[in-house]
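Student: pasted the sequence and its predicted model underneath.
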Amino acid sequence: MTAAADQPAAGPAFSPKVILALVLVGIVAFAGLAVLSAFAPDLRSGEDGRAHALSKSAIGFAGAPILMKGLGQDTVVSRIRPTNLEEAAVVITPEGNEKPEALRPFAEAGQVLIVMPKWGAAPDPVRRGFVRKLGVVSGDYDGLFATYSKVTRIGVARGTSKPVLRGAGPMGDTYRLGNVDRLQTVSGEGWVPVLVDGAGSMVLAYSRKHPSVWLLADPDLLNNQGLASLDTARAGAAILAAVSDDGERPLIFDVTLNGYERGRGIWRTMLEPPWLAATLIGAAAAALMGVHALARFGQPHRRERAFALGSRALVDNSADLVRMARREHELAPAYAALIRGLVVRAGGGHTAEEHWLEHLAERRGAAAPGELAAEAEQAKTRDDLIEVARKLYDWRGEMTRERH
């Protein structure tokens, strides 16, 4: 024998178990990816350092909802697209780069407080959720607020101060603030003052065309770094209370404008009741179809010939022709003669010995063969043939003792 013959045969390149494991891992990974994609907005915590009601950074507004809830105000942070807001007070925090159409869904709210952007910040590379101040942002807001005022100009004071705000409209009290870095104010013919600083510049105003829309020029009155001061927190709480009509309206902090909208896509719908049951049934059906494709259930059927061969095929074809012609009953006499011959052969007699067979039937208590032959001659239908065949079968059993 050669050396090549002594070597064992090489196994398959891939083990079936490994392939099956890879397929299962791929299916589970795809299902996990689909679920995570459907619920991605809900899984985002909002810890991105931006200025919205989910952010806990210095310029975020996560503290404002907590403050108002602590004061007994009905407050919620909403990730749902705004609808049916006629009885609500909504706080929105645009970033300044939105299009005017982005503010239109909030126009139907009972009261709207728009908090203007102020600070440019970058994420802190060391502490997640913290930011580093880059400076005051500058922008043109005439287009964004064109629905409420033709002109919207921003003014920024120098340095840090402790301003005192005076009420000039719906809010008539005076509010002393904590340290505010570069107080931001707003001006424009379409804006009516609500709170002004010592120089008479508007810090809080409402639209002359749409009195239900209020504009807060400096976000430091409501953001987390501003609420760290007790005096500023009092002023911020007073502003939110005035917007909500002293708690008569529920207070909604919207974050859909900041990209945290909770979508209702097809995937999310399929993964939530009542459609979750249908999804699971569909997945189970797909799994069973896959198993059925991999392994056949039961013994495979052998493919028959289109045209059978042999004596059996000839008999089957002849029987089919008789059945199609509805002539089965005409076979009854021939069948009776066949049974009679089998009985004579089993009894050791001869077909010509008629009296011998009749005497044997009389001794066995069976019907006379002549009676059965006559009944076979009188068969007219298929049912008659079946009845005659049953009687001949019983008669044969009695004559040959085959039942015993």
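Tutor: Yep, that arrived. Source: prediction; values computed, not measured. Numbers count the residues shown, from 1 in each chain.

Student: using CSV, write out every CA atom in the helix ranked longest in the chain.
Tutor: In the chain, with assignment by DSSP state H, the single longest helix is helix 16-38. Extracted C-alpha coordinates of helix 16-38, given in CSV (Å, rounded to 0.1, in the frame of the first residue of the first chain):
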residue,chain,number,x,y,z
PRO,A,16,-22.9,21.6,9.7
LYS,A,17,-23.1,22.5,13.3
VAL,A,18,-20.9,25.5,12.8
ILE,A,19,-22.9,26.7,9.8
LEU,A,20,-26.2,26.3,11.8
ALA,A,21,-24.7,28.3,14.7
LEU,A,22,-23.6,31.0,12.3
VAL,A,23,-27.1,31.2,10.8
LEU,A,24,-28.7,31.4,14.3
VAL,A,25,-26.3,34.1,15.4
GLY,A,26,-27.0,36.1,12.3
ILE,A,27,-30.8,35.8,12.8
VAL,A,28,-30.6,36.9,16.4
ALA,A,29,-28.2,39.8,15.5
PHE,A,30,-30.6,41.0,12.8
ALA,A,31,-33.6,40.8,15.1
GLY,A,32,-31.7,42.8,17.8
LEU,A,33,-30.7,45.4,15.3
ALA,A,34,-34.3,45.7,14.1
VAL,A,35,-35.6,46.2,17.7
LEU,A,36,-32.9,48.7,18.6
SER,A,37,-33.5,50.7,15.4
ALA,A,38,-37.3,50.8,16.1
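
Student: strands of the stretch 151-300 of the chain, start to end?
Tutor: Taking DSSP state E, counting those that start in this stretch, the strands of the stretch 151-300 of the chain run over residues 153-156, 160-161, 164-167, 174-176, 180-181, 184-187, 191-196, 202-207, 213-216, 251-254.

Student: now do the stretch 301-404 of the chain
Tutor: Ranges of strands within the stretch 301-404 of the chain: none, based on DSSP E, counting those that start in this stretch.

Student: tell me the gap between the longest helix of the chain and the middle of its chain.
Tutor: 17 Å (CA atoms, centre = their mean, to the nearest Å).

Student: reformat the strands of the stretch 151-300 of the chain into CSV and put mean neighbour count next to each item.
Tutor: C-beta coordinates here come from the backbone N, C-alpha and C atoms, glycine included. Output for the strands of the stretch 151-300 of the chain, formatted as CSV (neighbours: other CB atoms under 10 Å):
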stretch, mean neighbour count
strand 153-156, 16
strand 160-161, 12
strand 164-167, 18
strand 174-176, 15
strand 180-181, 20
strand 184-187, 22
strand 191-196, 22
strand 202-207, 25
strand 213-216, 25
strand 251-254, 25
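
Student: quick check: pLDDT value at residue 42.
Tutor: Residue 42 carries a pLDDT score of 63 in this model.

Student: same check, this time on residue 89
Tutor: For residue 89, the predicted pLDDT is 92.

Student: roughly how far does residue 284 sit from residue 292?
Tutor: Residue 284 sits 13 Å away from residue 292, going by CB to CB, to the nearest Å.

Student: and if you look at residue 202?
Tutor: Distance from residue 202 to residue 292, by CB to CB: 73 Å.

Student: give the next helix or strand downstream of the helix or strand residue 113 falls within.
Tutor: Using DSSP states H and E, residue 113 falls within strand 111-115. Beyond strand 111-115 on the C-terminal side, the first helix or strand identified by DSSP H and E is strand 119-123.

Student: list the buried residues for that following strand?
Tutor: Residues of strand 119-123 classed as buried by neighbour count (16 or more other CB atoms under 10 Å): 119, 121, 123.

Student: which residues touch the first one?
Tutor: Applying CB atoms under 8 Å, 6 or more residues apart in numbering, one finds that residue 119 lies in contact with 51, 59, 133-137, 219.

Student: cool, and the last one?
Tutor: Contact partners of residue 123, counting by CB under 8 Å, 6+ apart, are 48-49, 130-132.

Student: kindly state the beta-bridge partners for the residue nearest to residue 173 when sequence neighbours are not counted.
Tutor: Distance criterion CB to CB, 6 or more residues apart in numbering; nearest residue to residue 173, sequence neighbours excluded, is residue 167 at 5.4 Å. Note on residue 167: beta-bridge partners by DSSP bridges are residue 195.

Student: ok, residue 167 touching residue 203?
Tutor: No: the pair residue 167 / residue 203 is not scored as a contact, 10.8 Å apart, by CB atoms under 8 Å.

Student: which neighbours do the two share?
Tutor: Contacts common to residue 167 and residue 203, judged by CB under 8 Å, 6+ apart, are residue 195.

Student: how is this structure divided into domains?
Tutor: Using automatic domain parsing, the domain parsing of the chain gives 16-40+263-288, 45-258, 311-400.

Student: distance from the chain centre to the second one, please.
Tutor: This points to domain 45-258. Averaging C-alpha positions (CA atoms, centre = their mean) puts domain 45-258 37 Å from its chain's average.

Student: and for residue 385, the neighbour number?
Tutor: If you count neighbours by other CB atoms under 10 Å, residue 385 ends up with 18.

Student: my read: it touches residue 333, true?
Tutor: No: the pair residue 385 / residue 333 is not scored as a contact, 10.4 Å apart, by CB under 8 Å.

Student: separation between residue 196 and residue 218?
Tutor: On the measure of CB to CB, residue 196 and residue 218 end up 12 Å apart.

Student: list the residues that contact both of the two?
Tutor: residue 203.

Student: list the contacts of the residue nearest to residue 173.
Tutor: 173-174, 194-195.

Student: try 10 Å
Tutor: The contact partners of residue 167, by CB atoms under 10 Å, 6 or more residues apart in numbering, come to 173-175, 193-196, 204, 238, 242.

Student: also residue 377?
Tutor: Residues in contact with residue 377, defined by CB under 10 Å, 6+ apart, are 332-333, 336, 388.

Student: which pair in those spans the largest distance?
Tutor: 333 and 388 (9.2 Å; CB to CB).

Student: the more surrounded of those two?
Tutor: Using other CB under 10 Å, the more surrounded residue of residue 333 and residue 388 is residue 388, with 24 against 17.

Student: so who does the residue located most distally from the centre of the chain touch?
Tutor: The centre of the chain is farthest from one residue, residue 355, which by CA atoms, centre = their mean lies 87.8 Å away. Residues near residue 355 by CB under 10 Å, 6+ apart: none.

Student: alright, calling it a day.
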